[in-house]
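Engineer: Next one to model:
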Amino acid sequence: MTLALRLILGITFLYAGIVKASASQAFAIALLPFTFIDTTWTGPLAMGLAWMEILAGLVVLTPRIYEAGAAIIAGLCAVFIAVLSWALWNGYIVSCGCFGEDMAPSAGKMLLAIGRDILLLAAAVAIIALPRLRRNL
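Structural biologist: Okay, here's the model as predicted:
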């Protein structure tokens, strides 16, 4: 079960990171509606986030250190959930830019992205918790 979750998270985050890194300018533009980010930081933030996702995807697939990758992914998902929820709460209808540019953002798509991030967060927590639970049984 843990291996399957690691594969799902690893492939998902590698893909999302590669998509963002290859279109960092478009992703930086997707970050602009989040007014708490100074516009001079959107480019570096977009590139840094892309590489953080690639790193997390690689680490969660690596034996012996996969829990560190799961922890990074859990942190990223928590941030994504918070930021998308904040935007939705404040009436900003934006594309999350998760897997490339979305030409027609909507509140429904944002809710789906939040739901997906909650599932990814739960998977990351399970990767960390399941081996510990098995040892304690």
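Engineer: which stretch of helix or strand covers the closest residue to Glu67 other than its chain neighbours?
Structural biologist: Excluding its sequence neighbours, the residue lying closest to Glu67 (Cβ to Cβ, 6 or more residues apart in numbering) is Ile128, at 5.3 Å. C-beta here means a position set from N, CA and C on the backbone, and glycine is covered the same way. Per DSSP states H and E: Ile128 is located in helix 107-136.
Engineer: That helix packs against which elements?
Structural biologist: helix 2-22, helix 66-89 (3 or more Cβ pairs under 8 Å, 6 or more residues apart in numbering; DSSP states H and E).
Engineer: where's the last one relative to the chain centroid, distance-wise?
Structural biologist: If I follow you right, that is helix 66-89. Computed by Cα atoms, centre = their mean, to the nearest Å, the chain-centroid distance of helix 66-89 equals 6 Å.
Engineer: buried ones in it?
Structural biologist: For helix 66-89, the neighbour count (16 or more other Cβ atoms under 10 Å) marks 66-67, 69-74, 76-77, 80-81, 83-84, 87-88 as buried.
Engineer: which among these gets closest to Cys96?
Structural biologist: Set against Cys96, the nearest of these by Cβ to Cβ is Leu84 (5.9 Å).
Engineer: For that closest one, which residues are in contact?
Structural biologist: 96, 110, 113-114, 117 (Cβ atoms under 8 Å, 6 or more residues apart in numbering).
Engineer: Drop anything exposed from those.
Structural biologist: 96, 110, 113-114, 117.
Engineer: Most widely separated two among those?
Structural biologist: Every pair in the buried ones among the contacts of Leu84 was compared (Cβ to Cβ); the two farthest apart turn out to be Met110 and Asp117, at 10.5 Å.
Engineer: what's in contact with the worst-scoring helix or strand of the chain on mean pLDDT?
Structural biologist: Ranked by mean pLDDT, DSSP states H and E, the weakest helix or strand in the chain is helix 24-31, scoring a mean of 73. Helix 24-31 is contacted from outside by 20, 37, 42-43, 45-47, 49-50, 94-97, 100-101, using Cβ under 8 Å, 6+ apart.
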